[in-house]
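J.: for reference, the sequence and a predicted model appear below.
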Amino acid sequence: MNPTESFDLGAPGDPPCLFLHGFTGSPAELRPLAELVAAKGFRVLGPRLPGHGLGAADLATAGATEWVRAATEALRSLAKPAHVLGLSMGALLAVRLAAEEAPAVRSLALLAPAVRLAGLGRVGAWTLWRLPWLYRRWPTVPWSTASDVQDPALHAATLKNPRLSLFGIAELRRLQAAVLDDARRVRAPTLLVLGKYDRTISNPAARRLGLRLSAEVMVAAGSGHQLGLDHDHEAIAQAVLMHFTSAVD
């Protein structure tokens, strides 16, 4: 089994959930969390988004339009209202679904939503969004594979492609630019989970999104950005399960 491929766990008749992975990632980063949720009686669908799980060059051909379309198709395939969980970029997609496909979204669980990148990542995303000639000239660039996963046993599992798609970064910025406007139209009950040691996103910016959504907030005290894999993933699974089961029609 290729861990980067899509998964569909649980029984078809179980309450449905849609799990959306992050930028440059794959369903593998959410699978341990999905398995814990599926074991409690939920069906969990985790699609691999276009351009992901294959390599940096593939992200030069798929952007926000394709990601939103794939997430929307996956949600509609579940055929009844679903709980939607997203990690990082996947959380931005989850908010878009809750705004555009409101009757089909029962609740939201947003893990480390990438409302704004941290440090130089924020500057780079803004620059590429405004100056597209940069990614046209340099489609990919070398990228550090450093990870902020705090669990040493899982750290190596999060190493990513050594090159980064600049087009992909610009497309991520497109989603970031729209997420607060999307949030104004969201009525689904929301859980926001942040990693104390997250070096990838701005936690204050994510908290502002949480305020707009009137979200319940959980801080994972032993985790970085990869909340589905790090020390607190079992506690996060329990919080997600409680949130999902408390959501009502």
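T.: Received it, and whenever you're ready, just let me know what you need. These numbers come from a predicted model, not from an experiment.
J.: hey, let's count contacts and neighbours off CA atoms from now on
T.: OK.
J.: any stretches of this protein with poor pLDDT?
T.: Within the chain, the segments meeting pLDDT under 70 span 1-3, 54-60, 119-165, 248-249.
J.: one more time with 50, if that's ok
T.: Flagging of the chain using pLDDT under 50 yields the residue ranges 56, 120, 122-123, 126, 129, 133, 142, 155, 159.
J.: and Ile201, backbone torsions?
T.: Per-residue torsions, Ile201: phi -120, psi 170 (degrees, to the nearest 10).
J.: for it, name its beta-bridge partners.
T.: For Ile201, the beta-bridge partners under DSSP bridges are Leu117.
J.: can you count the residues close to it?
T.: For Ile201, the count of nearby residues is 23 (other Cα atoms under 10 Å).
J.: repeat for Thr65
T.: Neighbourhood size, Thr65 [other Cα under 10 Å]: 12.
J.: which other helices and strands does whichever helix or strand it is part of contact?
T.: Secondary-structure assignment from DSSP states H and E places Thr65 in helix 64-77. Helix 64-77 makes packing contacts with strand 16-20, helix 89-100, helix 166-183 when contacts are defined by 3 or more Cα pairs under 8 Å, 6 or more residues apart in numbering; DSSP states H and E.
J.: with just CA atoms, put the helix or strand just after the first one into PDB.
T.: Right, the one you point to is strand 16-20. Next along the chain after strand 16-20, taking DSSP H and E as the criterion, comes helix 31-38. The C-alpha trace of helix 31-38 is given here as PDB (Å, rounded to 0.1, in the frame of the first residue of the first chain):
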ATOM      1  CA  ARG A  31      -4.100   8.600   8.300                       C
ATOM      2  CA  PRO A  32      -3.200   7.700  12.000                       C
ATOM      3  CA  LEU A  33      -5.800  10.300  13.100                       C
ATOM      4  CA  ALA A  34      -8.300   8.900  10.600                       C
ATOM      5  CA  GLU A  35      -7.800   5.300  11.800                       C
ATOM      6  CA  LEU A  36      -8.600   6.400  15.400                       C
ATOM      7  CA  VAL A  37     -11.800   8.200  14.300                       C
ATOM      8  CA  ALA A  38     -12.900   5.300  12.000                       C
END
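J.: show me the contact partners of helix 31-38.
T.: For helix 31-38, contacts defined as Cα atoms under 8 Å, 6 or more residues apart in numbering pick out 7, 9-10, 19, 44, 46, 228-229, 233-234, 237, 241.
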